[in-house]
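Asker: Compute the structure for the input listed below.
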Amino acid sequence: MLEQLKLAKHNQFCPSSEQTPTDQLSLFNEAEATADPSMPESEIEQIKAYRRRKAGQIGLDRMPEDLPVEEIIHELSKEDQNCPECGNPLHVMGREEREELKFVPAKAVIVRHVSLTYSCRHCEKHNEHVPMIKTSMPAPAIKGSFASPEAIAHIAYEKFVMGSPLYRQEQDWERKGIPLSRQTMANWLIRATNDWLMPIYDYLKELLLEHQVLHGDETTLQVLHEEGKTATQKSYMWVYRTGCDAKRHIVIFEYQPDRKAVRPAEFLEKFEGYLHADGYSGYHNLKKEITVVGCWAHARRKFFDIIKTMSKEKRAALRPCAAYSIAICFSSWRKTSRNCHPATTSKHVTRPGSKKASRSLRNSMPGAKAWM
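Answerer: Below is the predicted model:
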């Protein structure tokens, strides 16, 4: 009971890092404990890259080299380009430069597409049939709407990348003198997603399921005004992504209202290979063509929980208990490497675990919460 209380307090008030101080016990520090610092060893000198800082630049801030340059030359007027002593013409003998970062705010314009219809005057006067030719114009991004691709892209960027909700964007449009309601923007995003982004999503999913090694994970989030659920009930965002062996990485997110085991089974219906995942039972009831491999990060986490609840005196006496830790890790290794081809196991599967998928979820959740 006391250990559970200490762990709960540590999780609530202390850092969540799973690193232990160097002066404390490490479960697998045999090399560090037996090393002899006095033994001579050849030294390798590594020269770090050095970038000279220009005057006026602070820290790591610097001007991008690929930005267009607008040069303003400050010169004397023609009347002042004569020597004040003798009156002869002056010439340029040097120049001093300084750079500024100029930001040009975005501006809104109305693009009016005009389709012209052509007719023949001669046929109008002399023939019964008069040909008429009408020029074509590009189809709108959303049929029956005044939304442009640029406007939709700007709203999506502000919402999903910058985390700006639609009601704030509505206020920003209003300050620019453009009345654009959040309901209209929401309709644009939904229509554009269904019409233009879903085909890309489906194609990326097909490419993803062709890989041999995937990572999977899920996390909770709350959705307001979801049908059949209260605002306090949990929903889930699932992520599936390629492993370290992929030449082009693909990350696919899928929202689901629950955490049922049928969710990964439906998504991975056409997948055959190895799936990095945590200990959630839903991943371990998939079809036989999918081999679920364990996560080293999750196996390690319980050992750090034990250390958190111990005093310094008990940590010093922890080494006899390391056999239990090794037994757990060995069990996780057997679970990770079962039924794996030797080449596949050593090259792809036995990696630190499902933290690539967890990292993808962690990086995306601010934008996902703004989306919800």
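Asker: Where does pLDDT dip in the stretch 201-350 of the chain?
Answerer: The stretch 201-350 of the chain contains residues with pLDDT under 70 at 315-350.
Asker: redo that, cut-off 80
Answerer: 231, 294-350 (pLDDT under 80).
Asker: which residue ranges form the helices in it?
Answerer: Using DSSP state H, counting those that start in this stretch, the helices assigned to the stretch 201-350 of the chain run over residues 262-267, 296-308, 312-316, 322-337, 342-344.
Asker: Output the contacting helices and strands for the helix or strand where Ile190 lies.
Answerer: For Ile190, the host element (DSSP states H and E) is helix 182-192. With contacts taken as 3 or more C-beta pairs under 8 Å, 6 or more residues apart in numbering; DSSP states H and E, helix 182-192 sits against helix 149-156, helix 166-175. Backbone N, C-alpha and C define where each C-beta goes, glycine included.
Asker: Just the CA coordinates for it, please, in CSV.
Answerer: Written as CSV, here are the backbone C-alpha positions of helix 182-192 (Å, rounded to 0.1, in the frame of the first residue of the first chain):
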residue,chain,number,x,y,z
ARG,A,182,-17.6,29.0,-38.3
GLN,A,183,-20.4,26.8,-39.6
THR,A,184,-19.4,27.7,-43.2
MET,A,185,-15.8,27.0,-42.5
ALA,A,186,-16.7,23.6,-40.8
ASN,A,187,-18.7,22.7,-43.9
TRP,A,188,-15.8,23.6,-46.1
LEU,A,189,-13.4,21.4,-44.2
ILE,A,190,-15.7,18.4,-44.1
ARG,A,191,-16.6,18.6,-47.8
ALA,A,192,-12.9,19.2,-48.9
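Asker: Pull out the buried residues from that helix.
Answerer: For helix 182-192, a neighbour-count test (16 or more other C-beta atoms under 10 Å) marks Arg182, Thr184, Met185, Trp188, Leu189, Arg191, Ala192 as buried.
Asker: now those residues as a markdown table including pLDDT and distance to Ser281?
Answerer: Below are the buried residues of helix 182-192 laid out as a markdown table (pLDDT from 0 to 100; distance: C-beta to C-beta, whole Å):
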| residue | pLDDT | distance to Ser281 |
| --- | --- | --- |
| Arg182 | 94 | 40 |
| Thr184 | 95 | 44 |
| Met185 | 96 | 40 |
| Trp188 | 96 | 40 |
| Leu189 | 95 | 35 |
| Arg191 | 95 | 38 |
| Ala192 | 96 | 38 |
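Asker: What is the nearest of those to Phe103?
Answerer: Met185 (24.2 Å; C-beta to C-beta).
Asker: So what touches the helix holding Ile190?
Answerer: The contact list for helix 182-192, computed with C-beta atoms under 8 Å, 6 or more residues apart in numbering, reads 141-142, 145, 147, 151-152, 155-156, 159, 166-167, 169-170.
Asker: Please list only the buried members of these.
Answerer: Buried among the contacts of helix 182-192 by 16+ other C-beta under 10 Å: Ala141, Ile142, Ala147, Ala151, Ile152, Ile155, Ala156, Lys159, Leu166, Gln169, Glu170.
Asker: what pLDDT does the first one get?
Answerer: I take that to be Ala141. On the pLDDT scale, Ala141 is placed at 95.
Asker: likewise Gln4?
Answerer: pLDDT recorded at Gln4 is 74.
Asker: give me the number of residues near it?
Answerer: Residues lying near Gln4 (other C-beta atoms under 10 Å) number 10.
Asker: Now it. Nearest residue, chain neighbours left out?
Answerer: In space, and not counting its chain neighbours, Gln4 is closest to Thr309: 7.9 Å by C-beta to C-beta, 6 or more residues apart in numbering.
Asker: My understanding was that that neighbour contacts Asn11; is that so?
Answerer: No: counting by C-beta atoms under 8 Å, Thr309 stays clear of Asn11, with 10.8 Å between them.
Asker: quick one: which of the two has more around it?
Answerer: Legend: neighbour count by other C-beta under 10 Å for Thr309 and Asn11, higher for Thr309 (16 against 11).
Asker: how much space is there between that one and His122?
Answerer: Remark: distance between Thr309 and His122 (C-beta to C-beta, to the nearest Å) = 97 Å.
Asker: try Arg241
Answerer: Counting by C-beta to C-beta, the gap from Arg241 to His122 is 66 Å.
Asker: higher neighbour count, those two?
Answerer: More crowded of Arg241 and His122, by other C-beta under 10 Å: Arg241, with 23 against 8.
Asker: excluding its backbone neighbours, what's nearest the more buried one?
Answerer: Val251 (4.3 Å).
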